[in-house]
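**Q** task: produce atomic coordinates for the following.
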Amino acid sequence: MASTDYSPTELMICIAARLMKEARTAFIGTGIPMLAAALAKKLYNPDLIAIFEFGGIGASLEDLPRAVGEARTFYRAMVATGICDVMETAQRGLIEYGFLGGAQIDPYGNLNTTVIGPHEKPKVRLPGSGGANDVGSLCWRTIAIMKHEKKRFVERVDFITTPGYLDGPGARERAGLPAGTGPYRVVTDLALLGYDEATKRMMLLATHPGVTVERVLENTGFALIVPKEVAQSELPSADELRVLRTEVDPQRLYI
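**A** Here you go, the predicted structure:
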């Protein structure tokens, strides 16, 4: 049963959780990815192995972590190790999904979390890569979660912090990145997006309830591929919202 009483953040969490229904391993970041992973484990995929940057592998997520390196990312985990071992696990091809965010994203899924403006004299200096470059370079499929605004969805990012498909088909392989890896989905507050197999450019898959294709295009700063048929995202179910609000984040730290 669907519910119409939800926030844009709750919808994004539910959509991200549904994307993990078949996942075996997922590299999880702070915020929405944590909530989505916890929701997925409770409702859709109890065997999901959540992996955190600072060494927690397979934590139960019974109690929501506040950050990627705090104690709850190790609670009832399969492994308690460190950042080097986690990155090596990704290099070995053992992490299926990776969640990312960014200040800018371009048509090929390249992400910028370094600077806005020229690198030598930026208008804004951002936090930088952290583990995002490793995640985007080595996980089989990456999912970006972002607010959908024209200033964020740009024709060319000011700095490539995390590689997507770089400048098109074959570019990742030419750069020495593992074949078959790359961007998979983008979850925003307006839509669900993916990538065209032939061109590697971003394409619209579904608009969220109440959002038109025109509104998505107005908030995208590049030519977005729009197929003949665009789906509509499913509303959050009553069960999803109940678990999210009462079990995943009862203190409303993020929602």
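**Q** residue 167 belongs to a strand?
**A** No: checked against DSSP: H, G, I helix; E, B strand; the rest coil, residue 167 lies outside a strand; its state is coil.
**Q** I'd like the distance between it and residue 201.
**A** Using C-beta to C-beta, to the nearest Å, residue 167 is found at 11 Å from residue 201. C-beta here means a position set from N, CA and C on the backbone, and glycine is covered the same way.
**Q** now for these two: what residues contact both?
**A** Residues touching both residue 167 and residue 201 (C-beta atoms under 8 Å, 6 or more residues apart in numbering) are residue 108.
**Q** mind checking the SS state of residue 145?
**A** Under the three-state scheme (three-state DSSP), residue 145 adopts strand.
**Q** contacting residues around it?
**A** For residue 145, the contacting residues are 12, 16, 31-33, 99-101, 186-188, by C-beta under 8 Å, 6+ apart.
**Q** adjacent strands (with direction) for the helix or strand containing residue 183?
**A** Secondary structure assignment for residue 183, by DSSP states H and E: strand 182-188. The pairing partners recorded for strand 182-188 under DSSP bridges are strand 141-146 (parallel), strand 191-195 (antiparallel).
**Q** show me where the protein dips below the pLDDT cut-off.
**A** Scanning the chain for pLDDT under 70 picks out 1-3.
**Q** any idea where the strands of it begin and end?
**A** 25-28, 49-52, 56-57, 79-80, 97-100, 104-105, 111-112, 115-116, 124-125, 141-146, 182-188, 191-195, 202-207, 231-232 (DSSP state E).
**Q** other SSEs contacting the fourth one?
**A** Using 3 or more C-beta pairs under 8 Å, 6 or more residues apart in numbering; DSSP states H and E as the contact test, the elements touching strand 79-80 are strand 56-57.
**Q** give me the contacts around the strand it packs on.
**A** By C-beta under 8 Å, 6+ apart, the residues outside strand 56-57 that reach it are 49-51, 73-74, 77-81, 86, 89.
**Q** quick check, nearest of those to residue 215?
**A** residue 50 (33.3 Å; C-beta to C-beta).
**Q** phi and psi next, for the closest residue to residue 14 other than its chain neighbours.
**A** Leaving aside its chain neighbours, residue 14 sits nearest to residue 236 (4.4 Å; criterion: C-beta to C-beta, 6 or more residues apart in numbering). In terms of degrees, to the nearest 10, the main-chain angles of residue 236 are phi -60, psi 140.
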